[in-house]
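K.L.:
got a predicted structure here, sequence first:
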Amino acid sequence: MSFQPILPIGGYAGWRFLERTMERQQEAFNKSTTVQREIDYFAEKIGKVTNADEIVSDYRLLKVALGAFGLQDDIGSKFFIRKVLSEGTSADDALANKLADKSYFKLAEAFGFGGSGPPRTQEPGFAERIAKAYRERSFEVAVGQQNNDMRLALNIDRDLGGIAQDESSDRGKWFSVMGSGPLRQVFDTAFGLPTAFAALDLDRQLEVYRDKAKAMFGSSEAAQFTDPDKREKLIKMFLIRSEIASGGGNYSPGQTALTLLRGG
């Protein structure tokens, strides 16, 4: 039996409800038979895995491995995933190091194939770490099946928070944001940017992102999103603008302008 998250309302009000009930809902989801069965299988088998082929050839292991990094849609791309895993991250020319979506780098880094030492699948606590990530990501997927905006909002704390505290340059941080499909959708919506914006030169996009961030949050730097209050404001603006764009919320033009000027 699988637990379905409860989302009685959309928009920012729905997000606040989800925040208040998150711990209880996540716990109930984790205890569902479907999730527990996959976790138990992964914990039983993964310690014996020594190479990428052994993961890719086992559908259930691959499902948990990919799901833990939000890559579950790639489960049919076995050749590609085998290459990402087997090459690891040690070599500069490894595939995971070349891809704009850093989820592949995190996947390859977590499993540790392709290096000089043993893979991380042999390390104590490895199965538990992957299982925890799988539960969280799977819950997000379940939320997204009811309301994809809520799934994108759930993604913010983990992914944006991680980028913001990274040691890379401000330029590098912003490019990581723009290279992430989910984060890009949140920022473009919160900033009120049109779909065609993504076709502009990357340096011009970066300039606009910095200008919009300065106007909305008081700073042009991506590192400011280590602050949970600023991440919450971003989520708020994203959900408000998304609801308005979809025709929800019953906002009049005057109410819309006032809401956005006040930051929601």
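P.N.:
All right, it came through fine.
K.L.:
what does whichever strand or helix holds Gln36 rub up against?
P.N.:
Assigned by DSSP states H and E, Gln36 belongs to helix 33-45. Here helix 33-45 makes contact (Cβ atoms under 8 Å, 6 or more residues apart in numbering) with 1-2, 29-30, 58, 60-61, 63-65, 127-128, 130-131, 134-135, 138. All C-beta spots, glycine's among them, are computed from the backbone N, C-alpha and C.
K.L.:
measure Gly61 to Phe126 for me?
P.N.:
Wrong residue type there; residue 61 is Leu, not Gly. 13 Å (Cβ to Cβ, to the nearest Å).
K.L.:
now the common contact residues for these two.
P.N.:
By Cβ under 8 Å, 6+ apart, the residues touching both Leu61 and Phe126 are Ile46.
K.L.:
after the helix holding Gln36, which helix or strand is next?
P.N.:
Defined by DSSP H and E, the subsequent element after helix 33-45 is helix 52-56.
K.L.:
for this protein, which residue occupies the most central location?
P.N.:
The residue lying closest to the centre of the chain (Cα atoms, centre = their mean) is Asn155, at 4.1 Å.
K.L.:
return the residues in contact with that one.
P.N.:
Gly70, Glu140, Pro182, Leu183, Val186.
K.L.:
if we can go back for a sec, pLDDT averaged over the helix holding Gln36 - what is it?
P.N.:
Here helix 33-45 scores 95 as its mean pLDDT.
K.L.:
for it, which positions count as buried?
P.N.:
Residues of helix 33-45 classed as buried: Val35, Glu38, Ile39, Phe42, Lys45 (neighbour count, 16 or more other Cβ atoms under 10 Å).
K.L.:
run the chain-centre distance for it.
P.N.:
Mean C-alpha position of helix 33-45 versus that of the full chain (Cα atoms, centre = their mean, to the nearest Å) differs by 22 Å.
K.L.:
for it, C-alpha coordinates in CSV please.
P.N.:
Output of helix 33-45 as CSV, limited to C-alpha atoms (Å, rounded to 0.1, in the frame of the first residue of the first chain):
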residue,chain,number,x,y,z
THR,A,33,4.7,-1.0,2.0
THR,A,34,5.9,0.0,-1.5
VAL,A,35,8.7,2.3,-0.3
GLN,A,36,9.8,-0.1,2.4
ARG,A,37,10.0,-3.0,0.1
GLU,A,38,12.4,-1.2,-2.3
ILE,A,39,14.6,0.1,0.6
ASP,A,40,14.9,-3.4,2.1
TYR,A,41,15.9,-4.9,-1.2
PHE,A,42,18.5,-2.2,-1.8
ALA,A,43,20.0,-2.6,1.7
GLU,A,44,20.2,-6.4,1.3
LYS,A,45,22.0,-6.3,-2.1
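K.L.:
out of the contacts of Asn155, who's the most crowded?
P.N.:
Val186 (26 neighbours; other Cβ atoms under 10 Å).
K.L.:
need the contact list for that residue.
P.N.:
Leu152, Ala153, Asn155, Ile156, Leu234, Ile235, Phe238.
K.L.:
what about Ile240, neighbour count?
P.N.:
21.
K.L.:
can you give me the strands for the stretch 1-150 of the chain?
P.N.:
Taking DSSP state E, counting those that start in this stretch as the criterion, the stretch 1-150 of the chain carries no strands.
K.L.:
where does the prediction get shaky in it?
P.N.:
Along the stretch 1-150 of the chain, the parts satisfying pLDDT under 70 run over 1-2.
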